[in-house]
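Visitor: dropping the sequence and predicted coords here.
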Amino acid sequence: MVPISKTLRHHIWMLVFRSVLLLIAICLYFFYREALDYTAVFQQGLSGAFLWVVWLTLVINMMYRLIPNRRIATGARKHFACTYSAALPSGKVTEEKQISPGQLHKGALLSGLGWFVISAAVIVALFLLDMLSPAIVLIFALVYAVFDLIFVLFFCPLQAFFMHNRCCVSCRIYNWDYFMMCAPLIVFPHVYSVSLFLLSLTVLLRWEIAVRKTPHYFVKETNASLTCETCDERLCRLHYRIKRDC
């Protein structure tokens, strides 16, 4: 039996942790809704502890995405030069392996559009139902946080319908996740939500700049670090598509 990698174990624990945060948020919504109002976090004292746990968790994890390190999965750090390993002896992309911009960007645009449509539809629906509040938006962001790891570990509709990438290691939009989580919070502007939004936007921009400046970092044909042969994380072990490919 192949042992579970440290990275896979970390992702499983992160899924459990985020799921617990979501369950706590749902319970607070029904029994102590004020504790989820991040626009009043500075006035809440100890009752706002849950909000600070969520904020610190997101900030710490986003900072890891901006600093080259091995604490995060290869898919999240492939935009750093230290992760790149040339698949060709010369380290250059040959004409046969030239990277098409469409190959990298079409699926990303469709995924981004899908996320925007779903997010906008939910926000509008909540507004029309007179349910839109900081508390419900925070729960919405935590739902995204949980589904982010479900997509990584089990099934990713963005991969299946839009991206068509082999696995998360080679995913073009891996570091879009925190922006997708934090952007809905900006519906109610506050230091709490704006700080998370701006940091997530920084992570996104850092990633997108790298895609355009060093596209050869992002595909297995030119980056040997993204191949199955060099992968020791095996996040795909629970992912149905990869079981037949690797």
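Guide: It's in.
Visitor: look up the closest residue to the residue nearest the centre of the chain, ignoring the ones flanking it.
Guide: Centrality entry for the chain: nearest residue to the mean C-alpha point is D177, 2.3 Å, by Cα atoms, centre = their mean. Once flanking residues are discounted, D177 sits nearest to D148: 4.7 Å by Cβ to Cβ, 6 or more residues apart in numbering. Placement of C-beta: from N, CA and C, glycine included.
Visitor: quick one: residues contacting that neighbour.
Guide: D177, M180, M181 (Cβ atoms under 8 Å, 6 or more residues apart in numbering).
Visitor: same check on S5?
Guide: By Cβ under 8 Å, 6+ apart, S5 lies in contact with D232, E233, R234, L235.
Visitor: and the lengthiest helix in the chain, what does it pack against?
Guide: In the chain, with assignment by DSSP state H, the single longest helix is helix 101-128. Packing partners of helix 101-128 (3 or more Cβ pairs under 8 Å, 6 or more residues apart in numbering; DSSP states H and E): helix 134-153, helix 157-158.
Visitor: buried set for the longest one?
Guide: Same thing as helix 134-153. 134-149, 151-153 (16 or more other Cβ atoms under 10 Å).
Visitor: what bits of the chain have low per-residue confidence?
Guide: 1-3, 88-103, 239-246 (pLDDT under 70).
Visitor: which residues in it form strands?
Guide: Assigned by DSSP state E, the strands in the chain number zero.
Visitor: and the nearest residue to L21 once chain neighbours are set aside, what does it touch?
Guide: Closest residue in space to L21, ignoring its immediate chain neighbours: L142 at 5.8 Å, by Cβ to Cβ, 6+ apart. Neighbouring residues of L142 by Cβ under 8 Å, 6+ apart: R18, L21, L22, A25, V54, M181.
Visitor: what's the answer for F161, then?
Guide: Applying Cβ under 8 Å, 6+ apart, one finds that F161 lies in contact with L110.
Visitor: end to end on stretch 143-163, go ahead and measure it.
Guide: By Cα to Cα, to the nearest Å, the extent of stretch 143-163 from end to end equals 22 Å.
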